[in-house]
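> Sharing a model that was predicted from the sequence below.
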Amino acid sequence: MEQAGLVTRTREMVDQRVVNVALTPQARADVVDSTGLEDASFHELRTALRNLMRALDDDTEAGMGAACADDPV
């Protein structure tokens, strides 16, 4: 994916074992286009998904991840 120009990889300065992967501007535009969403709607969705990921991470760190797994949705 990096050779195709879709992502960039950078190592963390503090811990060289950590590699951050990010979409290139062109890949990001392709993702937005493929969703069929307007720009503002796409950014709202992305923000909502990031908030969900943070909440799930917080639950897991608090030891609640297993308890939440059995909760009905």
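Alright, I've got the coordinates.

> host element of the most centrally placed residue in the chain?
Centroid-nearest residue in the chain: R50, 6.4 Å away (criterion: CA atoms, centre = their mean). In the assignment (DSSP states H and E), R50 maps to helix 39-61.

> Count residues in the vicinity of D58, would you?
Residues within reach of D58, counting by other CB atoms under 10 Å, total 11. (Each C-beta comes from the backbone N, C-alpha and C, glycine too.)

> need the contact list for it.
Residues near D58 by CB atoms under 8 Å, 6 or more residues apart in numbering: none.

> for this protein, what are the low-confidence residue spans?
The model of the chain has pLDDT under 70 over residues 63-73.

> hang on, the earlier thing: for the helix holding R50, buried residues please.
F42 (16 or more other CB atoms under 10 Å).

> Can I get that helix in CSV, CA atoms only?
This file holds the C-alpha atoms of helix 39-61, laid out as CSV (Å, rounded to 0.1, in the frame of the first residue of the first chain):
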residue,chain,number,x,y,z
ASP,A,39,-17.5,16.2,3.1
ALA,A,40,-19.2,17.4,6.3
SER,A,41,-21.1,14.2,6.8
PHE,A,42,-18.0,12.1,6.3
HIS,A,43,-16.1,14.2,8.9
GLU,A,44,-19.0,13.8,11.4
LEU,A,45,-18.9,10.0,10.9
ARG,A,46,-15.2,9.9,11.3
THR,A,47,-15.5,11.9,14.6
ALA,A,48,-18.2,9.6,15.9
LEU,A,49,-16.1,6.5,15.1
ARG,A,50,-13.0,8.0,16.8
ASN,A,51,-15.1,8.8,19.9
LEU,A,52,-16.5,5.2,19.9
MET,A,53,-12.9,3.9,19.6
ARG,A,54,-11.8,6.0,22.6
ALA,A,55,-14.8,4.9,24.7
LEU,A,56,-14.0,1.3,23.9
ASP,A,57,-10.4,1.8,24.8
ASP,A,58,-11.3,3.5,28.0
ASP,A,59,-13.7,0.6,28.9
THR,A,60,-11.0,-2.0,28.2
GLU,A,61,-8.4,-0.1,30.3
